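K.L.:
next one to model:
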Amino acid sequence: MRNKWMVWGSLLSVFLLIVALYHLHITNNPVVTIQNKGDIAGKNMTVHLEKGPYWYHEIFYVAKLSPQFAIWFEDLEGNYIGTFYVTGKFYQWTQEAINKAPNRIEALPVWWHKQNKAPLTDTITAATPKQRLYLDNKITDVPSKFIVKMEINNSFDYNAHYTIDGVNGSIIAAIGGQPAIIYSAVVDLNAVQKEYKLYISGQSSYDGHNGEISPNIDNLTTAREIVNRIILNIN
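P.N.:
Numbering: from 1, shown residues only. Next up is the predicted model:
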């Protein structure tokens with residue numbers, strides 16, 4: 001009983017924060033375009049992310065949440081190379097978590113554990129877009145073949161398996177709802193192919209205790225429909 005009241009107390013606190021910061025989570029513009037090319041030499045990469053039917057998630061019919069997500073690079077062995085984009089709110093959470101207990105890391109635990117508090121001074125950050133997002137930037141210092149991954153999550157998106165009571169009594173899981181979902185694609189800079197579609201490759205841990213990816217997504221429902229498609233172009 002005590003744990004259940006703790007869960008409800010935590011949910012209420014987070015809910016009040018959501019209402020207070022509601023307009024910070026959702027931009028006023030339907031399309032967000034970010035360009036940060038500068039004079040950096042290298043290939044140009046554009047990511048087009050198109051929202052799905054569950055891009056927004058309603059909380060108690062009062063506020064709408066839009067997702068937090070990150071896009072990063074790994075080599076073919078799975079070693080972290082660098083971050084291409086992370087939503088501004090989650091970036092703020094990661095900065096607050098440095099040198100103290102993590103705050104809301106369970107929202108994007110795969111990226112969090114991969115980047116391991118690496119400097120993010122060149123990372124593109126912005127508010128979560130309302131409909132579509134175009135990221136246009138130079139990429140450097142990557143091998144000819146590498147992996148692009150995106151992790152995305154909506155909080156409080158409960159279903160029959162990930163309920164408001166949490167998983168295994170976890171308060172964090174009760175706040176988070178369904179775990180983050182991961183998309184990926186292998187890019188070959190020497191190939192003729194210039195366009196790549198990112199496909200679902202698994203889900204994160206439900207409470208963020210590790211950065212592992214589980215290929216079993218059988219218990220995910222609306223989390224699979226946060227985005228319709230993610231297209232990457234290299235030129």
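K.L.:
output the below-cut-off pLDDT ranges for the protein.
P.N.:
Along the chain, the model assigns pLDDT under 70 to residues 1-42, 60-63, 93-103, 117-133, 138, 166-175.
K.L.:
which parts of this protein are helices?
P.N.:
In chain order, the chain shows helices spanning 2-20, 22-25, 88-97, 109-115, 171-176, with DSSP state H as the criterion.
K.L.:
which strands and helices sit next to the fourth one?
P.N.:
Spelled out, that is helix 109-115. Secondary structure elements in contact with helix 109-115, counted by 3 or more CB pairs under 8 Å, 6 or more residues apart in numbering; DSSP states H and E, are strand 68-74, strand 80-87, strand 145-153. For every residue, glycine as well, the C-beta is placed using N, CA and C.
K.L.:
what do you get if the cut-off is 7 Å, keeping everything else the same?
P.N.:
Helices and strands touching helix 109-115, by 3 or more CB pairs under 7 Å, 6 or more residues apart in numbering; DSSP states H and E, are strand 68-74, strand 80-87.
K.L.:
quick check: buried residues in the longest one?
P.N.:
Put plainly, it is strand 80-87. Neighbour-count burial for strand 80-87, with 16 or more other CB atoms under 10 Å as criterion, is recorded at 80, 81, 82, 83, 84, 85, 86, 87.
K.L.:
between those, which sits nearest residue 189?
P.N.:
Ranked by distance to residue 189 (CB to CB), the buried residues of strand 80-87 are led by residue 81 at 13.0 Å.
K.L.:
and the closest one, how far from residue 187?
P.N.:
From residue 81 over to residue 187 the distance is 11 Å, taken as CB to CB, to the nearest Å.
K.L.:
shared neighbours, these two?
P.N.:
Residues touching both residue 81 and residue 187 comprise residue 146, with contact defined as CB atoms under 7 Å, 6 or more residues apart in numbering.
K.L.:
how deep is residue 107 tucked in, by neighbour count?
P.N.:
A count of nearby residues for residue 107, using other CB atoms under 10 Å, gives 28.
K.L.:
show me what contacts the nearest residue to residue 147 once chain neighbours are set aside?
P.N.:
Closest residue to residue 147 apart from its sequence neighbours, by CB to CB, 6 or more residues apart in numbering: residue 74 at 4.5 Å. Under the criterion of CB under 7 Å, 6+ apart, the contact list for residue 74 reads 80, 81, 146, 147, 149.
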